[in-house]
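S.K.: Here is my input, please return the structure:
(one chain, ligands or ions: 2)
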Amino acid sequence: MVVNDTVKHQLAALPKADLHVHLDGSVKPETVLDLAARKGIQLPANTAEGLLPYMQVTDECESLVEYLSKFQFVLRFMQDAESIERIAFELIEQAAAENVIYMEVRFGPHLHTSEGLTHDDAIAAALRGLKRGEERFGVATGLIVICMRHEPETVNREVIAAALRFQGQGVVAVDLAGDEAGYPAALFHELFRPARESGMPVTIHAGEAAGAANIEEAVTGLGAWRLGHGVRLKEDGRVLALVRERGIPLEMCPLSNMQTKAVPGWASYPLRDYLRQGLKVTVNTDNRTVSDTTMTKEYAMLMAQCGLTVEEIAATIRNSLDAAFAEPSKREALKARLQSVCEELGIAL
Ligand SMILES: O=c1[nH]cnc2c1ncn2[C@@H]1O[C@H](CO)[C@@H](O)[C@H]1O
Ligand SMILES: [Zn+2]
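M.R.: Numbering: from 1, shown residues only. Ligands and ions are numbered 1, 2, ... in the order given. Model prediction:
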């Protein structure tokens, strides 16, 4: 598909949804400059551009573990409530700038406790930022609370407990992220039990840096309602059939998936095949700064590299709104907006 001016206009006009975006992976370099100046922290560069090499991966990135090493740099600026709130607000501003009407932002509260914040403080700060962004920019939001795979189980149990205290108050789900190959899903069965028992939705990063067995465990053992990435599902037809039969949405993040080498290249990226096989594929950014991306850029890449049509892009947006961890009435209202814009643009949905 050629991304000509008509297609560019359609992509800009489409109301979008981003279900998988990490707060700490989406910090604007300008904000780091400002926070460093306020906190008196020395930086390796004093322009936004100069900071990018410290905040972004390149195509030379070889693995998920290398990709994850980029997050250390920004986390030291995210240890107080005010900065977390500001960065969350600014992420909603970034969403609005490209007509994203629904965004679920995720973060790991424990990564923000090195200067004394509690998990609850960090969650409350992120929620304040999202709420302010929602009011200012009219983007509907939800917060997903992440457990990190490498953290001790006692810490992660506390993170889940904190997330449950905010159930119905903006925290819409819990997640498991970090080094998938080093810490397989099976280790976390008990951790997610309280979430399962409280009806708190669970989404799990799976099938990114490890194979289909990890996806099966995420679904049948951990009780995942959705899957982060799920790229390597194609390695096992039986697990693929399971995910399709249960209608479990995949939160795919194409540029991130290229960078972490979840597949060797675009030619073997399975997103379009999954869509055509009836899997509930959604398209997301993962980390706007680390991966140097936006929803618009992800769509343009999918059209140019995988031959997706505008209709298929619109179908992924509908899938996202169907899969949103939001009240059914909110989902329906957002879908009605998508439907009416598609009609105006002549895109069959
Ligand atoms: O694609 C990913 N796979 C696994 N973990 C990730 C990915 N992107 C970010 N994080 C991890 O999630 C933490 C909290 O946001 C980040 O600090 C990073 O370590
Ligand atoms: Zn992720």
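S.K.: dump the residue contacts of the closest residue to Ala262 other than its chain neighbours.
M.R.: Once its chain neighbours are removed from consideration, Ala262 has its nearest residue in Val231; the separation is 4.2 Å (C-beta to C-beta, 6 or more residues apart in numbering). Placement of C-beta: from N, CA and C, glycine included. Residues in contact with Val231, defined by C-beta atoms under 8 Å, 6 or more residues apart in numbering, are Gly207, Glu208, Met252, Asn257, Ala262, Val263, Tyr269, Pro270.
S.K.: so what's the single nearest residue of the stretch 151-300 of the chain relative to ligand 1 up against?
M.R.: For the stretch 151-300 of the chain, the residue positioned closest to ligand 1 under C-beta to the nearest ligand atom is Ala177, at a distance of 3.6 Å. By C-beta under 8 Å, 6+ apart, the contact set of Ala177 is His22, Arg106, Gly108, Ile146, Cys147, Met148, Arg149, His205, Gly228.
S.K.: Of those, select the buried ones using a PyMOL command.
M.R.: In PyMOL syntax, the buried subset of those is picked out as below (16 or more other C-beta atoms under 10 Å):
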select buried, resi 22+106+108+146+147+148+149+205+228
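S.K.: filter the contacts of Ala177 by proximity to ligand 1?
M.R.: Residues shared between these and the neighbourhood of ligand 1 are His22, Gly108, Ile146, His205 [C-beta under 6 Å from any ligand atom].
S.K.: Does the third one touch His112 like I think?
M.R.: No. In this structure, Ile146 sits apart from His112 without contact. The criterion is C-beta atoms under 8 Å, and the distance is 11.0 Å.
S.K.: Which of the contacts of Val231 fall within strands?
M.R.: Met252 (DSSP state E).
S.K.: List just the nearest of the contacts of Val231 to Val239.
M.R.: In terms of C-beta to C-beta, no member of the contacts of Val231 lies closer to Val239 than Gly207, at 8.6 Å.
S.K.: pretty sure the closest one is touching Asp236, no?
M.R.: No. At 9.6 Å, Gly207 and Asp236 do not qualify as touching, with contact defined as C-beta under 8 Å.
S.K.: so what's Arg165 up against?
M.R.: Asp120.
S.K.: And the one 5 residues further on, by the same measure?
M.R.: The neighbours of Gly170, taking C-beta under 8 Å, 6+ apart as the test, are Leu127, Leu130, Lys131, Thr141, Gly142, Leu143.
S.K.: Columns pLDDT, distance to ligand 1 and neighbour count on top of those residues, output as JSON lines?
M.R.: Formatted as JSON lines, the entries for the contacts of Gly170 read as follows, by pLDDT from 0 to 100; distance: C-beta to the nearest ligand atom, whole Å; neighbours: other C-beta atoms under 10 Å:
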{"residue": "Leu127", "pLDDT": "99", "distance to ligand 1": "16", "neighbour count": "21"}
{"residue": "Leu130", "pLDDT": "99", "distance to ligand 1": "15", "neighbour count": "25"}
{"residue": "Lys131", "pLDDT": "98", "distance to ligand 1": "20", "neighbour count": "17"}
{"residue": "Thr141", "pLDDT": "98", "distance to ligand 1": "16", "neighbour count": "24"}
{"residue": "Gly142", "pLDDT": "98", "distance to ligand 1": "15", "neighbour count": "22"}
{"residue": "Leu143", "pLDDT": "99", "distance to ligand 1": "12", "neighbour count": "25"}
